[in-house]
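> Let's see this in three dimensions:
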Amino acid sequence: MMRVHDDLLKLLDVRARERGESRSRFIEKLILAFLEADPRNPRLDPVGRINPDAPAPISKAGEPLKFGAAWSRWCDLNLTLLGFRVPDRFLDDEAGHAMWEAKSQRADPGD
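Prediction:
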């Protein structure tokens, strides 16, 4: 449940109808796309569940160049869309990797 202005709902309805989908599905896709743009997050399936069979999120330690490029795109996206400058301290957030690891099929079931 979410409270938003009626004008926003009307505009979301128009844009969702353009795509032939419900407002809820359209909003869900927007949220998924935004979360998947953050390189720290695990891959999600089309309904938002963590995909345990997907590769781990890229790591700044393991793939610094790839992570740096993705992080730069993520920071630009936040600034462009939200006017939010992502703080450098967010670079050390490992929550996405921990969430993927907890769901991953790669974990040893004997542990």
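> Now do the same for residue 93: its pLDDT.
Residue 93 carries a pLDDT value of 91.
> Now it: closest residue in space that isn't a chain neighbour?
residue 40 (5.8 Å; CB to CB, 6 or more residues apart in numbering). Just so you know, the C-beta spots here come from the backbone N, C-alpha and C atoms, and that holds for glycine as well.
> Mind telling me what element that neighbour is part of?
In the assignment (DSSP states H and E), residue 40 maps to no helix and no strand.
> what's it sitting at in phi/psi?
Residue 40 adopts backbone torsions of phi -80, psi -20, taken as degrees, to the nearest 10.
> again with the one 10 residues further on
Taking degrees, to the nearest 10, you get phi -60, psi 130 for the backbone angles of residue 50.
> Count the neighbours of the residue nearest to residue 93 for me.
21 (other CB atoms under 10 Å).
> Distance of the nearest residue to residue 44 once chain neighbours are set aside relative to residue 12?
Leaving out its chain neighbours, the residue that sits closest to residue 44 by CB to CB, 6+ apart is residue 32, at 5.8 Å. As judged by CB to CB, to the nearest Å, residue 32 and residue 12 stand 15 Å apart.
> Tell me if I am right that the residue nearest to residue 44 is in a helix.
Yes: under DSSP: H, G, I helix; E, B strand; the rest coil, residue 32 sits within a helix.
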